[in-house]
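*Asks:* Dropping the sequence and predicted coords here.
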Amino acid sequence: MAKADLDARIDQLYQLPLDEFTAARNALARDAGDRAAEVKKLEKPNLAAWTVNQLYWRDRKAYDAVTRAAEKMRAAYKQMLAGKSTDVRGAEEIHQDALREAKQAARRLLEEGGHSNPDVVMMPVAETLDALPGDEPPGRLTKPLRRMGFNVLEGLPISAKAAPAKAKPAATPKEPAPTAKERRASEAEERELAMTRERLRFAEAAEREAEATLDRAKRTLERTERTRERIERELEEAVEAEKSVAKEVAAAEKALEKAAGERERLAKLSR
């Protein structure tokens, strides 16, 4: 089998319903020739990874919007740390909008796939979407991704303009220039501040997602309680109906016994 053909069939594996993955992978391995061992090692995705894979294969527009927004947001942060003028807040808002649309699309895909309780998996799905783009091949995730945050910015020189709120007054001719050690300490402080802001942004997003999940869970609980109450009422009615029918059965049995006795008595008299 040609390499391109096999790669295309591997892509198809990750588009299948989860319960079909293993059998299809094993069948593909039998046809893979010298790449059979490679195919056999392909790991079945968990539900969160599968969901993001389906977003890539079935709603590429939403998936690409997230990755483009993430790349622009990270570029904006790098510019900010380099002391360049950039709209970080605007980039963050665009990224959040893209994430919101992608999460809604992911929820729909879960429901269409027969997963009736998507809430239980939406948190790792949201974290994975927020970590895009990652190093793994898109559409072939097997586990949720974890956000890199500002790890990608480690080692980037930070300009004093990156944090104007903490910038010190310009040095006067009488003030000595900062030493290399002082500059490194200042850069480390600014980098830590930027990373803290990024962690805060993610924590706020996670809080919003948790609040939405809690709200959905409360609504589900209310529906479940109403269902339980209805079933309890129906059970009480059924118990009462059972008692009534039991009385009717007992009365019918007595009537049958009486009728049978009368028949036997009349039969004897007729002989």
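*Replies:* Received it, and whenever you're ready, just let me know what you need. Residues are numbered from 1 along each chain as shown.

*Asks:* for residue 144, helix, strand, or coil?
*Replies:* The three-state assignment at residue 144 reads coil, by DSSP: H, G, I helix; E, B strand; the rest coil.

*Asks:* Hmm, residue 51 and it touching each other?
*Replies:* No: contact criterion C-beta atoms under 8 Å: residue 144 and residue 51 do not qualify, at 9.5 Å. In short, each C-beta sits where N, CA and C put it, glycine included.

*Asks:* Of those two, which one has the most company?
*Replies:* Between residue 144 and residue 51, counted using other C-beta atoms under 10 Å, residue 51 has the larger neighbour count: 28 against 21.

*Asks:* Next, the buried residues of the one helix or strand that one maps to.
*Replies:* When elements are assigned from DSSP states H and E, residue 51 belongs to helix 47-58. Neighbour-count burial for helix 47-58, with 16 or more other C-beta atoms under 10 Å as criterion, is recorded at 47-57.

*Asks:* in the stretch 101-250 of the chain, what spans have low per-residue confidence?
*Replies:* Low-confidence segments of the stretch 101-250 of the chain, defined by pLDDT under 70: 147-175, 191, 194-195, 198-199, 201-217, 219-220, 222-223.

*Asks:* can you give me the mean pLDDT across the helix holding residue 51?
*Replies:* Over the span of helix 47-58, the pLDDT mean works out to 96.

*Asks:* circling back: and which of the buried residues of helix 47-58 is nearest to residue 224?
*Replies:* Within the set of the buried residues of helix 47-58, residue 47 lies nearest residue 224; the separation is 22.1 Å, counting by C-beta to C-beta.

*Asks:* what number of residues lie near the closest residue to the closest one other than its chain neighbours?
*Replies:* In space, and not counting its chain neighbours, residue 47 is closest to residue 121: 5.0 Å by C-beta to C-beta, 6 or more residues apart in numbering. If you count neighbours by other C-beta under 10 Å, residue 121 ends up with 20.

*Asks:* check which helix or strand covers residue 121.
*Replies:* helix 119-131.

*Asks:* Ok, residue 261 next?
*Replies:* Secondary-structure element containing residue 261, defined by DSSP H and E: helix 180-269.

*Asks:* Just want the angle from that helix to helix 119-131.
*Replies:* For helix 180-269 against helix 119-131, the angle by axes from the mean of the first three to the mean of the last three C-alpha atoms, to 10 degrees is 160 degrees.

*Asks:* Point out the other helices and strands that helix 180-269 packs with.
*Replies:* Packed against helix 180-269, as judged by 3 or more C-beta pairs under 8 Å, 6 or more residues apart in numbering; DSSP states H and E, are the following elements: helix 60-81, helix 88-112, helix 119-131.

*Asks:* and the longest one with helix 47-58, angle?
*Replies:* Same thing as helix 88-112. Note on geometry: by the same axes, to 10 degrees, helix 88-112 and helix 47-58 are set 100 degrees apart in direction.

*Asks:* which residues sit against helix 88-112?
*Replies:* Counting by C-beta atoms under 8 Å, 6 or more residues apart in numbering, the neighbours of helix 88-112 from elsewhere in the structure are 51-52, 54-55, 58-59, 62-63, 65-66, 68-70, 72-73, 75-77, 80, 118, 121-122, 125-126, 129-130, 201, 205, 209.
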